[in-house]
Every structure is written in structure tokens, then in C-alpha cells.
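Visitor: any chance you can model this:
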Amino acid sequence: MKTAVEQIFSDLEELHPQLFNVYTTEGKEFINHFHKYLEIERTQIVKAYDKGEFNCGVNETSEQYYVKTYK
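Guide: Below you'll find the predicted structure:
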């Protein structure tokens, strides 16, 4: 399963492949932003899971949930 950020960047890569050219400054910056946004989204998912797990008593950690669901 792809996260929303992964799906957006996947769609952008199909529509505008030049954005992902690692040999250009713009491409490197764009990819760096992509990784930054992925980390922000991952943190949000983990925090939301922890909050929900606290209220529901689920047995796995938020990190285990993230890896199982999104990797």
C-alpha cells in the first residue's frame, strides 16, 4: 500500500520525469523534498497509531504497524 505522499510523487514521476533527474540541481532538490515529506508523513502515521493504540490496547508498536502496512 502506498501512502498519499508516495502516490503523489509516483504520479508526478510519470507525468514529469524531468523532476526526478538526479543529475540536475533541481532534481536533487526535488528528491530531497520528497524524502523530507515522507519522513513527516511517517512521523504523523506513527504518532496517530500510538494515540489510537493507547486508547484501544493493540499489541504491536507503531513502528511495527508502519513497516507492516507501508513497506
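
Visitor: residues of the longest helix along the chain that come out buried?
Guide: Ranked by residue count, the top helix of the chain under DSSP state H comes out as helix 25-56. Within helix 25-56, the residues scored as buried using 16 or more other C-beta atoms under 10 Å are 30, 34, 37, 42, 45, 49. Any C-beta I mention is one placed from the backbone N, CA and C, and that applies to glycine too.

Visitor: what about the fourth one, distance to residue 12?
Guide: This points to residue 42. 19 Å (C-beta to C-beta, to the nearest Å).

Visitor: any low-confidence regions in the protein?
Guide: 53-58 (pLDDT under 70).

Visitor: contacts only, for the residue most central in space within it.
Guide: Centroid check for the chain by C-alpha atoms, centre = their mean gives residue 38 as the closest residue, at 3.2 Å. Residues in contact with residue 38 (C-beta atoms under 8 Å, 6 or more residues apart in numbering) are 3, 5, 6.
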